[in-house]
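Trainee: can't give you the sequence, but here's the structure:
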């Protein structure tokens with residue numbers, strides 16, 4: 001049976017692979033008539049590239065970039081050489097926190113490989129109609145809730161919730177002793193100056209992780 005390259009540790013912990021197969025078939029069917037982002041093989045990149053056993057940090061995003069030049073299945077990460085506005089602010093904040101931090105690519109693969117799970121609440125995107133975004137969010141909601149439940153039960157996690165959407169989506173992590181929640185505004189140009197740029201999430205994260213600190217270079 002097709003497990004889409006998802007690491008066995010997720011499945012052993014209770015990831016509903018049959019549910020994922022069902023949704024992936026629906027997306028494949030939709031793709032015959034409309035453009036769906038990202039490409040089919042990249043939809044599950046967040047849990048393909050970061051085994052559950054490695055997860056230290058969860059950053060909750062909303063939906064894939066609405067352009068094939070950017071979207072590849074990791075929240076905030078981009079395929080393009082042109083840095084998206086929110087990612088620009090993330091890099092700017094990292095430079096404030098770690099002056100020697102280097103960013104030569106907009107692909108955040110090195111973060112995922114170190115245990116930073118970059119997970120959107122909608123793993124696919126279709127057009128720019130808010131109703132369609134809601135449809136995709138609802139489609140993936142049981143999978144995201146399944147992933148969150150696995151992470152909550154496992155514990156020992158830092159959860160970064162940037163903006164009201166992430167804070168609402170990640171409410172399930174509240175009150176768990178072994179989970180540290182960090183809240184601030186979204187890094188978009190509309191709200192980064194209202195909290196994100198002074199949040200020091202990256203510094204605080206590495207202080208907590210100590211010898212397992214993340215290298216935020218890309």
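Mentor: Sure, I can see it. This is a predicted model, so every value here is computed, not measured.

Trainee: tell me the phi and psi of the residue of the chain positioned farthest from its centre?
Mentor: No residue in the chain sits farther from the centre than residue 33, which is 27.0 Å out by C-alpha atoms, centre = their mean. Backbone torsions for residue 33, taken as degrees, to the nearest 10, come to phi -120, psi -20.

Trainee: Any figure for the gap between it and residue 128?
Mentor: Spatial separation of residue 33 from residue 128 under the definition C-beta to C-beta, to the nearest Å is 17 Å. From N, CA and C alone the C-beta is placed, and that goes for glycine too.

Trainee: Check residue 38 too.
Mentor: Counting by C-beta to C-beta - residue 38 and residue 128 are separated by 16 Å.

Trainee: What is the three-state secondary structure of residue 71?
Mentor: Classification of residue 71 by DSSP: H, G, I helix; E, B strand; the rest coil places it in coil.

Trainee: I meant to write residue 76 there.
Mentor: Bear in mind the rule, three-state DSSP; under it residue 76 is coil.

Trainee: How about residue 208?
Mentor: With three-state DSSP as the criterion, residue 208 was assigned helix.

Trainee: Report the contact partners of it.
Mentor: Residues near residue 208 by C-beta atoms under 8 Å, 6 or more residues apart in numbering: 158, 180.

Trainee: cool, residue 66 as well?
Mentor: Residue 66 makes contacts with 37, 125, 127, 128, as judged by C-beta under 8 Å, 6+ apart.

Trainee: Could you rerun that using 6 Å?
Mentor: When contacts are counted by C-beta atoms under 6 Å, 6 or more residues apart in numbering, residue 66 is found next to 125, 128.

Trainee: go on, residue 87?
Mentor: Counting by C-beta under 6 Å, 6+ apart, residue 87 has contacts 76, 106.

Trainee: Quick check: it vs residue 176, distance?
Mentor: Plainly put, residue 87 is 29 Å away from residue 176 if you go by C-beta to C-beta.

Trainee: The closest residue to residue 13 other than its chain neighbours is in what secondary structure piece?
Mentor: Closest residue to residue 13 apart from its sequence neighbours, by C-beta to C-beta, 6 or more residues apart in numbering: residue 150 at 4.8 Å. Using DSSP states H and E, the secondary-structure element containing residue 150 is helix 130-154.

Trainee: Let me know how buried the nearest residue to residue 46 once chain neighbours are set aside is, in neighbour terms.
Mentor: Sequence neighbours aside, residue 119 is the residue nearest to residue 46 in space, at 4.7 Å (criterion: C-beta to C-beta, 6+ apart). Residue 119 has 25 neighbours, counted by other C-beta atoms under 10 Å.

Trainee: Run the chain-centre distance for the one helix or strand residue 119 maps to.
Mentor: Secondary structure assignment for residue 119, by DSSP H and E: strand 116-120. Taking C-alpha atoms, centre = their mean, to the nearest Å, one finds strand 116-120 lying 2 Å from the centre of the chain it belongs to.

Trainee: List the pairing partners of it within its sheet, with orientation.
Mentor: strand 57-61 (parallel) (DSSP bridges).

Trainee: can you give me the angle the strand it pairs with makes with helix 130-154?
Mentor: 170 degrees (axes from the mean of the first three to the mean of the last three C-alpha atoms, to 10 degrees).

Trainee: starting at the chain centroid, how far to the very next helix or strand once past strand 57-61?
Mentor: Proceeding N to C from strand 57-61, the next assigned helix or strand is helix 85-97, under DSSP H and E. On the basis of C-alpha atoms, centre = their mean, helix 85-97 is displaced by 16 Å from the centre of the chain it belongs to.
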